[in-house]
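**Student:** Got a predicted model here, sequence first, then my questions.
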Amino acid sequence: MADKILYAMYDDDDVLKKGAKLLVSKGIKVSEVFTPFPVHGLDPIIGIRNTRLGIMAFIYGLLGLTIATYGMRYFMIVDWPMDIGGKPNGTYLENFLAFVPISFEFTVLCAAHGLALTYFLKNKTLPGVKASNPDPRTTDDKFVVELRASENTNFTVEELQELVKTTGIVELDQRDI
Amino acid sequence: MHKEAAIREPLILGHKTYHDISSDIIRPIEDKAPRMWYVLFTIALILGLYGIGAILYLIGTGVGVWGMNKTINWAWDITNFVWWVGIGHAGTLISAVLLLFRQRWRFAINRSAEAMTIFAVFMAGVYPMIHMGRIWMAYFVFPLPNQFGSLWVNFNSPLLWDVFAISTYLSVSVVFWYCGLIPDFATIRDRVKKPLQKKMYSILAFGWSGRAKQWNRFELISLVLAGLATPLVFSVHSVVSFDFATSLVPGWHSTIFPPYFVAGAVFSGFAMVQTLMIILRKAFHLEAYLHTRHIEYMNIVIIVTGGIVAIAYIAEFFMGWYTGIDYENFAYMSWGNATTEYAWAFWTLILCNIITPQFLWIRKLRRNLTATFIISLIVNTGMWFERYVIIVTSLHRDYLPSSWSMQYPTHIDVAVFLGTIGIFTAFYLLFARYFPIMPIAELKTILKTSGESYKKAQLSETHEENH
């Protein structure tokens, strides 16, 4: 599908936020913003909801805790109970104190690695992936707002350009795909 | 948004723009390395190879080449292990704990402290591995199904807890470090001109584009990983201390060990950060980002943790005396130990760890780079002696006077220790040369709240408003 994309470049994060706010208030949909660092307060303006990765970390942690609990119960209580110096392993609960450190470590291990993997997959940041920022300066000191004509059918491309130019941009680029 | 009082000393000195920050941090990667770098790298490499040679000889011959005996059956190996793990503590503490407390001065040091952590834990890992004697059986520490029937590792043993604690700490630290590095690799990727460099950094950057949603996730995982890593920091050294605290040896079997080891680890970790960062900031001209304010904050952490360590020593000393048991009089913190063969080690420890850090109460010294550098070196030495004194001197008087013994390090003991210092330094030099040593993206987030020129502008504005 043919589409026109506008890339509006800002050189300051506060101007960017003001600009984005103005565009959104006019009913324009901002499809993406590329920034060199996390700009606080930008997400609610352009309608990005908070990520739910935290919930995933909790689930991975629970998974790790379960594996550690079942594993240690199997190794130490069921499969090969030991009696060292007249101190038998007994039941899981009787031996629980000795299992606390590894239960904790394994919970953290699974939560952290599960979280990081999910983060890489969701972000599509993996070894060998090509970068998709429109301008190399967006990882240095420039901020780029992306507007798509197909998502803003109420406006013509010229109207969009006019509006964007009022927000204090430093460069405007247009690409057809 | 976070606001900081205009009169508070800025974190970033001078007039910097976002672009300046990228340039300042990436310049050492783009430029040719200074001659000093090659000199240091060669020395480190030679030391490292010397250590590797000693390790190969050790593996080929047996652990007997170390200067241990039946009475003192743990000596330099575990001393060096605990020393390195302790140094490896500051990195994740700085990034994780200081992140949770929203301490923005951490940005000057967190990246390199994390690198230091990872390399130090690598070095720590060497010692238990070679201590096994048959290093090719090292995988036996994991609960793997095997051909000997149901032979599992003993989950009741603190040594096994250590395996899990250290490997979790190492791998989580690596993930934490790398997640933070990705956006900065992207900055380097978009900046460098040479094709090979561009290729390498595009692979390392994982295709990071800086989309708003990516940053949203980035901030969350930084926070969650910090939340996970914080208890991990405290658990790791607690577990290391369990190796001693759960034993029956006088001097080791103290319930105070976990908190005291953690404080000691933070103490030595921060000292090592000071040692390394004072050199790095000078070599890479990063004086604007790491200056007296940061140094002073780190010195305050050193006084606090050093104070905790000192109180723990006193408690040990008192409890040993209070029990009235003769064997306790030869434990590491005891009158017996302070006045017999190992008195020199005991008093070195007291001098380095308790007396020297007290100079940091003086504000002038706390903000003086040379003084800080010297004190940090002394603290590092002191922390090595702490472990040596705890381990060796607590063991050297056995229950039977006929077993009393002394420990004399052999050439191999020294070579392995120097070797790990060499390998660590080589890794660290490579990191300093090819990786961004400060978090570029995160420094940019504090520029407007804590940059000197922005603060001045803010001050003059409020000044005008008042008139």
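**Tutor:** The structure has been received and is ready for your questions. Numbering: from 1, shown residues only, chains lettered A, B, ... in the order given.
**Student:** and the residue in the stretch 1-150 of chain B positioned nearest to chain A, what does it touch?
**Tutor:** The stretch 1-150 of chain B approaches chain A most closely through B:Tyr18 (3.6 Å), counting by CB to the nearest CB. For every residue, glycine as well, the C-beta is placed using N, CA and C. Residues in contact with B:Tyr18 (CB atoms under 8 Å, 6 or more residues apart in numbering or on different chains) are A:36-37, A:140-141, B:444, B:447.
**Student:** and if you look at B:Ile130?
**Tutor:** Contacts of B:Ile130 (CB under 8 Å, 6+ apart): B:55, B:58-59, B:63, B:77, B:416.
**Student:** Can you pick out the most distant pair from these?
**Tutor:** Using CB to CB, the pair of these lying farthest apart is B:Ile59 and B:Asp77, separated by 13.2 Å.
**Student:** out of these two, which sits in the busier spot?
**Tutor:** Legend: neighbour count by other CB atoms under 10 Å in any protein chain shown for B:Ile59 and B:Asp77, higher for B:Asp77 (21 against 17).
**Student:** Look at A:Ile5 and give its secondary structure.
**Tutor:** Under the three-state scheme (DSSP: H, G, I helix; E, B strand; the rest coil), A:Ile5 adopts strand.
**Student:** That one pairs with what?
**Tutor:** Note on A:Ile5: beta-bridge partners A:Arg148, A:Arg175, judged by DSSP bridges.
**Student:** wait, what's in contact with it?
**Tutor:** A:146-149, A:174-177.
**Student:** which one among these gets closest to B:Ala6?
**Tutor:** Among these, and counting by CB to CB, the member closest to B:Ala6 is A:Glu146, at 35.7 Å.
**Student:** The closest one sits in which helix or strand?
**Tutor:** Following DSSP states H and E, one finds A:Glu146 within strand A:143-148.
**Student:** could you point out which element follows the helix or strand encompassing B:Ile308?
**Tutor:** Of the helices and strands defined by DSSP H and E, B:Ile308 is found in helix B:292-323. Moving toward the C-terminus from helix B:292-323, the next helix or strand (DSSP H and E) is helix B:335-339.
**Student:** which residues touch that next one?
**Tutor:** With CB under 8 Å, 6+ apart as the criterion, helix B:335-339 contacts B:321, B:329-331, B:343, B:346-347, B:389, B:393, B:397.
**Student:** With distance to chain A, neighbour count and pLDDT added, can I get these in JSON lines?
**Tutor:** Output for the contacts of helix B:335-339, formatted as JSON lines (distance: CB to the nearest CB, whole Å; neighbours: other CB atoms under 10 Å in any protein chain shown; pLDDT from 0 to 100):
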{"residue": "B:Trp321", "distance to chain A": "30", "neighbour count": "16", "pLDDT": "87"}
{"residue": "B:Asn329", "distance to chain A": "28", "neighbour count": "17", "pLDDT": "83"}
{"residue": "B:Phe330", "distance to chain A": "25", "neighbour count": "23", "pLDDT": "81"}
{"residue": "B:Ala331", "distance to chain A": "24", "neighbour count": "27", "pLDDT": "83"}
{"residue": "B:Ala343", "distance to chain A": "36", "neighbour count": "13", "pLDDT": "90"}
{"residue": "B:Phe346", "distance to chain A": "31", "neighbour count": "21", "pLDDT": "91"}
{"residue": "B:Trp347", "distance to chain A": "35", "neighbour count": "14", "pLDDT": "92"}
{"residue": "B:Val389", "distance to chain A": "26", "neighbour count": "24", "pLDDT": "90"}
{"residue": "B:Thr393", "distance to chain A": "28", "neighbour count": "28", "pLDDT": "88"}
{"residue": "B:Arg397", "distance to chain A": "25", "neighbour count": "25", "pLDDT": "86"}
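**Student:** According to the record, where do the domains of chain A fall?
**Tutor:** Domain ranges of chain A: A:4-48+A:134-176, A:53-123, per automatic domain parsing.
**Student:** Pull up the gap between the nearest residue to B:Pro34 once chain neighbours are set aside and B:Leu418, please.
**Tutor:** Distances taken as CB to CB, 6 or more residues apart in numbering or on different chains place B:Ala283 nearest to B:Pro34, at 7.1 Å, with adjacent residues excluded. According to CB to CB, to the nearest Å, B:Ala283 stands 23 Å off from B:Leu418.
**Student:** need the longest helix for the chain.
**Tutor:** Just so you know, I chose chain A. Longest helix of chain A, by residue count under DSSP state H: helix A:96-123.
**Student:** other chain: chain B
**Tutor:** For chain B, assigning by DSSP H, the longest helix comes out as helix B:212-245.
**Student:** The residue in chain A positioned nearest to chain B: what secondary structure?
**Tutor:** Among the residues of chain A, A:Val129 lies closest to chain B, at 3.0 Å counting by CB to the nearest CB. Under three-state DSSP, A:Val129 falls in the coil class.
**Student:** Check the burial of the nearest residue to it once chain neighbours are set aside by counting its neighbours.
**Tutor:** Distance criterion CB to CB, 6+ apart; nearest residue to A:Val129, sequence neighbours excluded, is B:Gly207 at 3.0 Å. B:Gly207 is flanked by 20 other residues according to other CB under 10 Å.
**Student:** now do B:Thr246
**Tutor:** For B:Thr246, using other CB under 10 Å, the count is 16.
**Student:** what sits against it?
**Tutor:** B:158, B:253.
**Student:** next one: phi and psi at it?
**Tutor:** Dihedral angles phi and psi of B:Thr246 (degrees, to the nearest 10) take the values phi -90, psi 0.
**Student:** can you list the residues of the stretch 351-467 of chain B near chain A?
**Tutor:** For the stretch 351-467 of chain B, the contact set with chain A under CB under 8 Å from any CB of the partner chain comprises B:441-442, B:444-445, B:448.
**Student:** sorry, back to before: for the strand holding A:Glu146, packing partners?
**Tutor:** Secondary-structure packing of strand A:143-148 (3 or more CB pairs under 8 Å, 6 or more residues apart in numbering or on different chains; DSSP states H and E): strand A:4-10, helix A:13-25, strand A:32-34, helix A:157-165.
**Student:** between the longest one and strand A:143-148, how many degrees?
**Tutor:** Between helix A:13-25 and strand A:143-148, the angle formed by their directions is 20 degrees, by axes from the mean of the first three to the mean of the last three CA atoms, to 10 degrees.
**Student:** what's the answer for the first one, then?
**Tutor:** An angle of 160 degrees separates the directions of strand A:4-10 and strand A:143-148 when computed by the same axes, to 10 degrees.
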